[in-house]
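Visitor: Show me how the following folds:
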Amino acid sequence: MLCAETIANCLILLASQEDEFEPMTHLRLQKLLYYVQGWSLAMRGNPAFGEEVQAWREGPVVSPVYQVFKEFEARPIGREHMTEEPQLDREIEGFIRSIWEAYKKYSATELRRKTHTEAPWLKARGDTPPNGSSNNEITHDSMLRFFAEEFRREQFGDLSIERYRQSEEAFRAQRGKRFSDICLATA
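Guide: Down below sits the predicted model:
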């Protein structure tokens, strides 16, 4: 398992290669780390990093990464500000890149707004007032439940539970084929 700072450096690197999207800021970085963790739990079956995600006032935050980059506030964090050159295996690098591709179109403000409507942050905040501080953990369980449901909704749409089960059985029987190809074959 990687540390969150390594994944943060990877996201900074990916953002530095884009010209048409908003630059990486600390707020944006924190929200992207939350999405990497949530989708990793749902799609890969394990966390991408070991540090906990907390439900701060401005949205999900990984405190150790906050401490490293807090001096930037709303200023862009460029490649030259990375704390290390990320060394990742192909699988996790591809996964992080896929999350980046899905969320790079959102500004820091849009990501903040989006996370403030999602169950994991809301649940962790509990009855904390909107402007109140909190370092309550956004649990892996709450992220897993939320992102697994999002995955099912986006990937399978109106697919019946029976067809989903058939696809799962076909996937297990045909290791090596992509799950989406098997789903289409059983439709």
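
Visitor: Would you map out the domains in the chain?
Guide: 4-156, 157-187 (automatic domain parsing).

Visitor: any idea which of the ones you listed is most buried?
Guide: domain 4-156 (a mean of 17; mean count of other CB atoms under 10 Å). Every C-beta, even on glycine, is put in place using the N, C-alpha and C of the backbone.

Visitor: Provide the secondary structure category for the residue most central in space within the chain.
Guide: The chain has Y35 as the residue nearest its centroid, 1.6 Å off, counting by CA atoms, centre = their mean. Three-state assignment for Y35 (DSSP: H, G, I helix; E, B strand; the rest coil): helix.

Visitor: Read off the pLDDT value for it.
Guide: pLDDT, Y35: 97.

Visitor: Could I get the contacting residues of it?
Guide: Neighbouring residues of Y35 by CB atoms under 8 Å, 6 or more residues apart in numbering: 99, 102-103.

Visitor: where do the helices sit along the protein?
Guide: Here the chain has its helices, by DSSP state H, at 4-16, 26-39, 63-69, 90-103, 108-115, 119-125, 140-156, 161-173, 179-186.

Visitor: Turn the ones you listed into a markdown table, including distance to S134.
Guide: Converted to a markdown table, these look like this (distance: least, CB to CB, whole Å):
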| stretch | distance to S134 |
| --- | --- |
| helix 4-16 | 19 |
| helix 26-39 | 14 |
| helix 63-69 | 12 |
| helix 90-103 | 23 |
| helix 108-115 | 13 |
| helix 119-125 | 6 |
| helix 140-156 | 14 |
| helix 161-173 | 37 |
| helix 179-186 | 37 |
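
Visitor: Tell me which of those helices sits nearest to R75.
Guide: Taking CB to CB, helix 26-39 is the member of those nearest to R75, at 8.2 Å.

Visitor: Kindly export that closest one (C-alpha atoms) in CSV.
Guide: C-alpha atoms of helix 26-39 as CSV (Å, rounded to 0.1, in the frame of the first residue of the first chain):
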residue,chain,number,x,y,z
HIS,A,26,-4.4,22.1,-2.2
LEU,A,27,-8.2,22.0,-2.0
ARG,A,28,-8.4,20.2,-5.3
LEU,A,29,-5.6,17.8,-4.3
GLN,A,30,-7.4,16.8,-1.1
LYS,A,31,-10.7,16.0,-2.9
LEU,A,32,-8.9,14.0,-5.5
LEU,A,33,-7.2,11.9,-2.8
TYR,A,34,-10.6,11.2,-1.4
TYR,A,35,-11.9,10.0,-4.8
VAL,A,36,-8.8,7.9,-5.3
GLN,A,37,-9.4,6.2,-1.9
GLY,A,38,-13.1,5.7,-2.4
TRP,A,39,-12.9,4.3,-5.9
